[in-house]
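[1] Give me coordinates for this.
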Amino acid sequence: MGIDDLGISVLRTAVGDNNVCEAFRTGGDFGGEPSGAWIFPRSSLCPDGIYAAALLVEIANGKKLSILVDNLRKYPIYRSSFAGKVVLEKIELDLIAILNPISVQKFDGLKFILNDGWVLIRKSGTEPMIRLTVEAKTEERAQYVYEKVENFIMESIRE
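    Residues are numbered from 1 along each chain as shown. Got it, this is the predicted structure:
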């Protein structure tokens with residue numbers, strides 16, 4: 001949401017640096033994931049932490065990082081994982097009733113776009129887990145939405 005606030009054009013992909021790299025076939029300057037996989041297509045289509053660190057040093061040489069960070073709007077994010085299985089197609093309508101989203105995206109699990117945040121529920125690509133991510137404009141809203149969805153997922157999980 002912070003990137004959206006800056007007015008930067010964003011193409012969102014399914015999770016996985018391979019999906020981010022694939023999106024660069026149509027262009028782009030930078031891609032990455034919260035896991036720390038930062039991709040700079042002018043340098044390489046592979047995540048490159050050393051290059052990212054060098055760029056950060058270059059940025060810090062021009063201005064204090066604390067000043068840059070302090071000027072960014074911050075949104076609370078909650079993440080968790082749940083062991084077990086959930087059939088996403090079977091819970092979609094229930095979650096629409098709970099969340100009343102503006103829209104639903106389905107290219108990487110179920111992403112519910114809210115008027116003040118979003119919720120992503122997806123299957124892990126690496127283990128038999130369900131991943132939940134919630135981001136909102138305020139701490140109170142993020143916590144409220146997270147707890148509602150967390151409780152719903154816990155009730156819906158099959159071993």
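
[2] send the alpha carbons of stretch 143-159 over as CSV?
    C-alpha atoms of stretch 143-159 as CSV (Å, rounded to 0.1, in the frame of the first residue of the first chain):
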residue,chain,number,x,y,z
GLN,A,143,-5.8,-6.5,13.8
TYR,A,144,-9.6,-6.7,13.6
VAL,A,145,-9.5,-8.1,10.0
TYR,A,146,-6.7,-10.4,10.8
GLU,A,147,-8.4,-11.9,13.8
LYS,A,148,-11.7,-12.4,11.9
VAL,A,149,-10.0,-14.2,9.0
GLU,A,150,-7.7,-16.1,11.3
ASN,A,151,-10.7,-17.5,13.3
PHE,A,152,-12.5,-18.4,10.1
ILE,A,153,-9.4,-20.2,8.7
MET,A,154,-8.9,-22.1,11.9
GLU,A,155,-12.5,-23.3,11.8
SER,A,156,-12.1,-24.3,8.1
ILE,A,157,-8.8,-26.2,8.2
ARG,A,158,-8.8,-29.9,7.4
GLU,A,159,-5.8,-32.0,8.5
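
[3] mind listing what's buried in it?
    Buried residues in stretch 143-159, defined by neighbour count with 16 or more other Cβ atoms under 10 Å: 145-146, 149, 152-153, 156. Every residue, glycine included, has its C-beta placed from N, CA and C.

[4] Arg73: what's it in contact with?
    Arg73 is in contact with 2, 5, counting by Cβ atoms under 8 Å, 6 or more residues apart in numbering.

[5] which residues in this structure form helices?
    Along the chain, the stretches classed as helices by DSSP state H are 2-5, 17-23, 49-62, 65-70, 88-99, 139-156.

[6] Now those in TSV, please, with extra columns for distance to Lys106 and mean pLDDT.
    Below are the helices of the chain laid out as TSV (distance: least, Cβ to Cβ, whole Å; pLDDT from 0 to 100):
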stretch	distance to Lys106	mean pLDDT
helix 2-5	20	81
helix 17-23	15	83
helix 49-62	31	90
helix 65-70	34	88
helix 88-99	8	91
helix 139-156	16	94
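
[7] ok, Tyr75 to Val145 distance?
    The gap separating Tyr75 from Val145 is 12 Å, by Cβ to Cβ, to the nearest Å.

[8] repeat for Phe30
    Taken as Cβ to Cβ, the span from Phe30 to Val145 is 29 Å.

[9] picking that back up, what would the buried residues of stretch 143-159 look like in TSV with distance to Gly49?
    TSV is the format used below for the buried residues of stretch 143-159 (distance: Cβ to Cβ, whole Å):
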residue	distance to Gly49
Val145	32
Tyr146	29
Val149	32
Phe152	36
Ile153	32
Ser156	37
